[in-house]
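Visitor: Got a predicted structure here, sequence first:
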Amino acid sequence: MFRSILICPDSNLRRQCRDELARTPLVEVARELDYYPEQLDLVRILRAHAPKIVFLSVEGLREALAVAAEVERSAPGTQIVGLGKNTEPDVLLQCMRAGIREFAAAPFQVAALEESLLRLSESLESRPASLPPATGKVFAFLPAKGGVGSTTIAVNIAAAIAKDDPGSVLLADLDTTGGLIRFLLKVNASGDAKEALDRATQLDEQLWAHLISRVGSFDVLPSGGIRPGLIYEAFQVHSFIEFARRNYRTICLDLSGRLEALEMELLAEANRIFIVSTPEAPSLHMAREKLKYLEPVQLAARTQIILNRTPRRLVLSAAELERILGKPIFASLANDYVAVQKALHDATVVSVETELGKGLRVLANHLAERNNKAPAEHRKRLIEYFSVRSPRIPSAGTLEKPAV
């Protein structure tokens, strides 16, 4: 069965086509439009539904030809069936020049539509529809233990990446134990992450608009409240992430760190996983334990450590901390209580004028692959770009075996 969308401003023509298509098992109509969409709207619809066939009314010929051109540009190989009452040679010639190889004239008949669909199936075999790719990168942030600032980092990284690429970033709060992003950013969305996962296989641009809120230059999918132990099938999580990947270049997942079933499925979909820790013994201990837990499921290799609230003078050097963790520290962020509290009070992000804000900006640019043009042999490790001063080390014994 071919997934399709139907674009037809004429209500009678649209109804006739829909009714006839409902009689054939060869196609399903995933979305109906009673208008000719503009370029941005059309691209979003194509990404949301990934159709193989577009049924397009050519009654508004100029608008229809513009839609056909954008379909070919954004999703080459997607087949178009022209619909209309006008079968004049000039109209059909212009349609053919625009790449519309099949035309159905009203009144529609299911037999004729099926013949067109069978011919289109041959075209799809020889030239499969190149759908808008699901290329968005997924970054998962989870705390080593509660209260280490993982949510603050996820929020600020999303905002910093979106500042130079508005509308391309999704911040999704998938903490089922009570996510804070709705509260921190004063989000008023009527939907939430639970509904998005519940309806993962039905997501389209209309439903998605109901679920999210725009905060500044990025979109936010808030948590569904306190619902620990939620379980979803792998295909639901995959459908949700693939939809997000088709619509955003960057997806930041804020997770609880409890590593329950849902969280493990989300981590399996992530390109990179960041465990956020502070330099204190309990936090380092839990970061190390979570790294060990992720090893048997082949997730440790894509997991990195972000050291948060790092004082100007560490009790242990970065090298000692890395020995305790058993993994290099990917990035270190300054301890700036005042800047964080001001951001929380104002429901905004940490000021880029602060040391913490600058560090977050460096990290965001690195994740967005900006300003990374230096030859590989001259590149510093990312942590070397942060202001971490390593003092003389007295002893690591108490941290190697922390009392928790």
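Guide: Arrived safely, thanks for sending. Numbers count the residues shown, from 1 in each chain.
Visitor: and for stretch 91-98, what are the contacting residues?
Guide: For stretch 91-98, contacts defined as CB atoms under 8 Å, 6 or more residues apart in numbering pick out 58, 61, 64, 65, 68, 69, 82, 84, 103. Where you see a C-beta, it was placed from the backbone N, CA and C, and this is true even at glycine.
Visitor: Quick check: the last one touching residue 80?
Guide: This means residue 103. No: with contact defined as CB atoms under 8 Å, residue 103 does not reach residue 80; the gap is 9.7 Å.
Visitor: neighbour count winner among these two?
Guide: residue 80 (24 against 17; other CB atoms under 10 Å).
Visitor: how near is the more buried one to residue 59?
Guide: To residue 59, residue 80 is 15 Å away according to CB to CB, to the nearest Å.
Visitor: Residue 68 too?
Guide: For residue 68 relative to residue 59 (CB to CB), the value is 14 Å.
Visitor: hmm, back to that, reformat the contacts of stretch 91-98 as CSV; add distance to residue 288 and pLDDT.
Guide: Listed next are these as CSV, based on distance: CB to CB, whole Å; pLDDT from 0 to 100:
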residue, distance to residue 288, pLDDT
58, 64, 92
61, 66, 93
64, 61, 94
65, 61, 94
68, 57, 94
69, 56, 93
82, 62, 92
84, 66, 90
103, 65, 90
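Visitor: Tell me which of those residues fall in helices.
Guide: With DSSP state H as the criterion, helices contain 61, 64, 65, 68, 69 from among those.
Visitor: for the stretch 251-400 of the chain, which spans come out with low pLDDT?
Guide: 371-400 (pLDDT under 70).
Visitor: residue ranges for the strands of it, please.
Guide: 272-277, 303-310, 329-334 (DSSP state E, counting those that start in this stretch).
Visitor: any chance of these in TSV, plus mean neighbour count?
Guide: Compiled in TSV, the strands of the stretch 251-400 of the chain are given as follows (neighbours: other CB atoms under 10 Å):
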stretch	mean neighbour count
strand 272-277	24
strand 303-310	23
strand 329-334	23
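Visitor: a markdown table for those, including distance to residue 287?
Guide: What follows is these, written out as a markdown table (distance: least, CB to CB, whole Å):
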| stretch | distance to residue 287 |
| --- | --- |
| strand 272-277 | 4 |
| strand 303-310 | 6 |
| strand 329-334 | 10 |
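Visitor: Can you pull out the residues in contact with the helix or strand harbouring residue 15?
Guide: Here residue 15 sits within helix 11-21, counting by DSSP states H and E. By CB under 8 Å, 6+ apart, the residues outside helix 11-21 that reach it are 4, 6, 8, 27, 29, 32, 34, 55, 57, 59, 83-85, 104, 106-110, 113.
Visitor: Could you check how far stretch 208-226 is from the centre of its chain?
Guide: 12 Å (CA atoms, centre = their mean, to the nearest Å).
Visitor: For residue 259, give its distance to residue 167.
Guide: 32 Å.
Visitor: Average the pLDDT values over whatever helix or strand residue 94 lives in and round to the nearest integer.
Guide: Per DSSP H and E, residue 94 falls inside helix 89-97. Here helix 89-97 scores 89 as its mean pLDDT.
Visitor: Helices of the stretch 151-300 of the chain, start to end?
Guide: In the stretch 151-300 of the chain, the helices defined using DSSP state H, counting those that start in this stretch lie at 181-184, 193-198, 205-211, 234-247, 261-269, 281-294.
Visitor: Compare those and give me the one nearest residue 23.
Guide: Residue 23 sits nearest to helix 205-211 of all the helices of the stretch 151-300 of the chain, at 25.6 Å, using CB to CB.
Visitor: who's in contact with that closest one?
Guide: By CB under 8 Å, 6+ apart, helix 205-211 touches 41, 44-45, 48, 189-192, 195-196, 199, 221, 243, 247.
Visitor: now the lengthiest helix in the chain and helix 11-21, what's the angle there?
Guide: Criterion DSSP H: the longest helix present in the chain is helix 110-126. Computed with axes from the mean of the first three to the mean of the last three CA atoms, to 10 degrees, the direction of helix 110-126 lies at 80 degrees from that of helix 11-21.
Visitor: could you say what helices and strands the helix or strand just after helix 110-126 packs with?
Guide: Toward the C-terminal end, the helix or strand that comes next after helix 110-126 (DSSP H and E) is strand 137-143. Applying 3 or more CB pairs under 8 Å, 6 or more residues apart in numbering; DSSP states H and E, one finds that strand 137-143 contacts helix 150-163, helix 234-247, strand 250-254, helix 261-269, strand 272-277.
Visitor: Kindly recompute the last result at 10 Å.
Guide: Packing contacts for strand 137-143, counted by 3 or more CB pairs under 10 Å, 6 or more residues apart in numbering; DSSP states H and E, involve helix 150-163, strand 169-173, helix 234-247, strand 250-254, helix 261-269, strand 272-277, helix 281-294, strand 303-310.
Visitor: mean confidence score for it?
Guide: According to the model, strand 137-143 has a mean pLDDT of 97.
Visitor: Return the list of strands paired to it, each annotated with direction.
Guide: Partners of strand 137-143 in the sheet, by DSSP bridges, are strand 250-254 (parallel), strand 272-277 (parallel).
Visitor: could these go into JSON lines alongside distance to residue 323?
Guide: Formatted as JSON lines, those follow (distance: least, CB to CB, whole Å):
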{"stretch": "strand 250-254", "distance to residue 323": "29"}
{"stretch": "strand 272-277", "distance to residue 323": "14"}
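Visitor: Indicate which one of the ones you listed is closest to residue 214.
Guide: strand 250-254 (15.0 Å).
Visitor: Helix 150-163 and the closest one, what's the angle between them?
Guide: Put simply, strand 250-254 runs at 170 degrees to helix 150-163, going by the same axes, to 10 degrees.
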